[in-house]
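Trainee: I would like the atomic coordinates for the input below:
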Amino acid sequence: MGLSRRGSRSDAPIWPGFVDAMSSLLLVLMFVVTIFLIVQFVLRTTITTQNTQLDSLSQQVQSLADALGLARTDAAKLKDQVGQLSGQLDSAKAKADQQSALIATLNTQLTAREGDLTAAQAKITSFEQQVASLLADRDAARGQMAQLGQQVTDLTTARDKLQTEQDALQLAVAKARSEIDAQTEAARLAAARREALEGLIADLHNKIDSGQTSLADALKALDANKKSTADLNQQVTALQSNLSDAEKARLAEQAAAEALKQQLAGVQADLSDQEKQRLADAAAAEALRQKLKDSQDELTAMTLALEEQRKRAEDTLTLLAAAQNAKAVAEAATQSQITEAQKNAALLAVAQKTLTDEQKKEESSARQVALLNQQIAAMRAQLANLQGILDASAQKDSDNSVQIQSLGSQLNQALAQLADEQRRRADLEEAERKRLEEQNKQLAGYRSEFFGKVSQVLAGRDGVKVVGDRFVFSSEVLFEPASADLSDAGKQQIAKVGSILQDVAAQMPADINWILQVNGFTDNTPLSGSGQFKDNWELSQARALSVVRFLISQGFPASRLAATGFGEFQPVTTDDTPEARAQNRRIELKLTEK
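Mentor: Next up, the predicted model:
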């Protein structure tokens, strides 16, 4: 027992230390294990996260590879389309060049027509100016006619004055006759003494012969005036003939103007007024001719009156001489104391006084004749001027008539060419219209056949309906929300429609220029902008383009397809309900012409 006690006393300090050491070691191990566990957990989490990210990246790489493959496929298809479009573009350019050449030719012809019309208008303007000049000449002629009328009035006044003087002479002659009757008896008684005064009477007769010579000169002047009047009559006749020719020219010009009136309605009123003015000119000329004829008659009457006055003056001189002789005899009888020389002087004084009176009368007659000659010369000058004006007017009328005929022929030719051109264009337009109508009828028939077959195939299917001349597919049937990729069900429906359309297209004539238009529509719900598409425009365009590309992949000709996106701006209904928005999200297929 004692030993055991000593052993226990000696072993007691070891175990606690051992236990403490083991406990410390265990704690260290537990700490290390805990750290390892924590590190392992952290690493495991990191590895898991990285594996997840690698899987995601692998999926993204795979999707990118798929997208790259699709892009390469699309690029190849686009190259094919570019090749086809290049061919179509070359064909279109060739057609455009042909059309441009045709347009250039038509423009050249139109320019030529416009030039012809401009020339015709210029000629018409020149004709109007010439007509205005003729009107001015007519007004000048009217002014000269008025002057001639004034001169005729002056001649009439002079004639009245001569008539007054003639009446005075007649009164003097009547008075002399009464004196002669009273002295007739005394003259018989003085007849014995007449022989003594024969010498003086002879002298008086010489003087009277001189007066008669002056009167003869006056008569010659009157005869010359008669000839001048005859010339004036001839000129008046010539003027009348010229006026008749001018009237004929004006009538011809009027006929030409009537032809122009039918073609140029704009100048009809002007030509009518001008023709009326020409007729008025002709009437004025006729009135002038009548006035000249009246003045000729008046001149003839004045000439006859002067001749009558001359005869009466001669009678008066004879009577006066006899009266003077009788008076001288009577005075000689009553005054026997006067010497013979004084008698002769008295008789000479009486004779000189008588001669002076006669000379005064002759001078007055000469002045009147000179005035008449001056008036006749002025009238001749005015008639010559009027004749020149009328000749110039007739020449202008003739030139205008020729120009009007030329303008009429040119205008008729231009109108005929224009009518032919319009007729040719109308025929071409009518032929094109008939061709388009026939194509429309054929296309309408094929469109009806196409819609009938497609309606039978798609009958009873949800999301597809026929509205007018187009098929309407709901977007939910063809696409996933906010996606432009065709679903499998959508591909099946579009494939059936494309197959039917290809069958119908194979029966269409090659000259029908038809096209299948694919229109994409969305609702008015805006996109976030952070996805694949920024807005509804891009989404609708992408969906229509997906349908077109799928049809091309099915063998449908790309030249017969067109993709159009309308976004939310062509809604079927404007109601703000889910059903209305579902109706607005659609794809429409329409068979139409290019």
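
Trainee: mind listing the helices for the protein?
Mentor: Counting by DSSP state H, one finds helices in the chain at the ranges 2-11, 14-189, 198-263, 268-334, 340-457, 475-478, 488-507, 536-553, 578-584.

Trainee: just the buried residues of the last one, please?
Mentor: Of the residues in helix 578-584, 581, 583-584 count as buried by neighbour count, 16 or more other CB atoms under 10 Å. C-beta: built from backbone N, CA, C; applies to glycine.

Trainee: now those in JSON lines, with distance to residue 63 and pLDDT?
Mentor: Below are the buried residues of helix 578-584 laid out as JSON lines (distance: CB to CB, whole Å; pLDDT from 0 to 100):
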{"residue": "581", "distance to residue 63": "30", "pLDDT": "86"}
{"residue": "583", "distance to residue 63": "33", "pLDDT": "85"}
{"residue": "584", "distance to residue 63": "31", "pLDDT": "87"}
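
Trainee: worst-scoring helix or strand of this protein, pLDDT-wise?
Mentor: Here the helix or strand of the chain ranked lowest by mean pLDDT, DSSP states H and E is helix 2-11, holding a mean of 50.

Trainee: got any ranges where the stretch 151-300 of the chain has weak pLDDT?
Mentor: For the stretch 151-300 of the chain, applying pLDDT under 70 flags the ranges 151-152, 155-156, 158-159, 162-163, 165-170, 172-300.

Trainee: again, only this time at 50
Mentor: Residues of the stretch 151-300 of the chain meeting the criterion pLDDT under 50: 236, 243, 267-268, 271.

Trainee: ditto for the stretch 401-550 of the chain
Mentor: In the predicted model of the stretch 401-550 of the chain, residues 458, 460-461, 463 satisfy pLDDT under 50.

Trainee: hmm, try it at 90
Mentor: Within the stretch 401-550 of the chain, the segments meeting pLDDT under 90 span 401-516, 523-536.

Trainee: thinking again about what came up before, from the buried residues of helix 578-584, which is closest to residue 359?
Mentor: For these, the minimum distance to residue 359 (CB to CB) is 130.0 Å, reached by residue 584.

Trainee: pLDDT at the closest residue to residue 80 other than its chain neighbours, what is it?
Mentor: In space, not counting the residues next to it along the chain, residue 80 is nearest to residue 558; the distance is 7.7 Å by CB to CB, 6 or more residues apart in numbering. The per-residue pLDDT reported for residue 558 equals 90.

Trainee: the one 3 residues further on too?
Mentor: Model confidence at residue 561, given as pLDDT, is 92.

Trainee: for it, give me its contacts.
Mentor: By CB atoms under 8 Å, 6 or more residues apart in numbering, the contact set of residue 561 is 515-516, 518, 548, 551-552.

Trainee: buried ones from those, can you make that a ChimeraX selection?
Mentor: Filtering these down to the buried ones (16+ other CB under 10 Å) takes a single ChimeraX command:
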select :516,518,548,551,552
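
Trainee: closest one to residue 438 out of the contacts of residue 561, please.
Mentor: Nearest to residue 438 out of the contacts of residue 561 is residue 515 (CB to CB; 17.9 Å).

Trainee: check whether residue 526 really touches residue 535, as I assumed.
Mentor: Yes: using CB atoms under 8 Å, residue 526 is in contact with residue 535, at 7.1 Å.

Trainee: those two - which one has more neighbours?
Mentor: residue 535 (14 against 10; other CB atoms under 10 Å).

Trainee: list the residues that contact the more buried one.
Mentor: Here residue 535 is in contact with 526-527, 529, 567 (CB under 8 Å, 6+ apart).

Trainee: hmm, try it at 10 Å
Mentor: If you count contacts by CB atoms under 10 Å, 6 or more residues apart in numbering, residue 535 has them with 522, 526-529, 567-568.

Trainee: name the member of those that has the highest neighbour count.
Mentor: Of all the contacts of residue 535, residue 522 has the most neighbours under the rule other CB under 10 Å, reaching 28 neighbours.

Trainee: gap between the nearest residue to that residue once chain neighbours are set aside and residue 95?
Mentor: What sits nearest to residue 522 in space, not counting adjacent residues and going by CB to CB, 6+ apart, is residue 536, at 4.1 Å. Applying CB to CB, to the nearest Å, the value for residue 536 to residue 95 is 37 Å.

Trainee: with residue 378 instead?
Mentor: In terms of CB to CB, residue 378 sits 83 Å off from residue 95.

Trainee: what about these two, which has more around it?
Mentor: Shown here are residue 378 and residue 95; by other CB under 10 Å, residue 378 has more neighbours (14 against 10).

Trainee: next one: the more buried one from residue 366, what distance?
Mentor: 19 Å.

Trainee: again, but for residue 540
Mentor: According to CB to CB, residue 540 stands 119 Å off from residue 366.

Trainee: more neighbours: those two, which one.
Mentor: Taking other CB under 10 Å, residue 540 and residue 366 do not tie; residue 540 has more neighbours (28 against 16).
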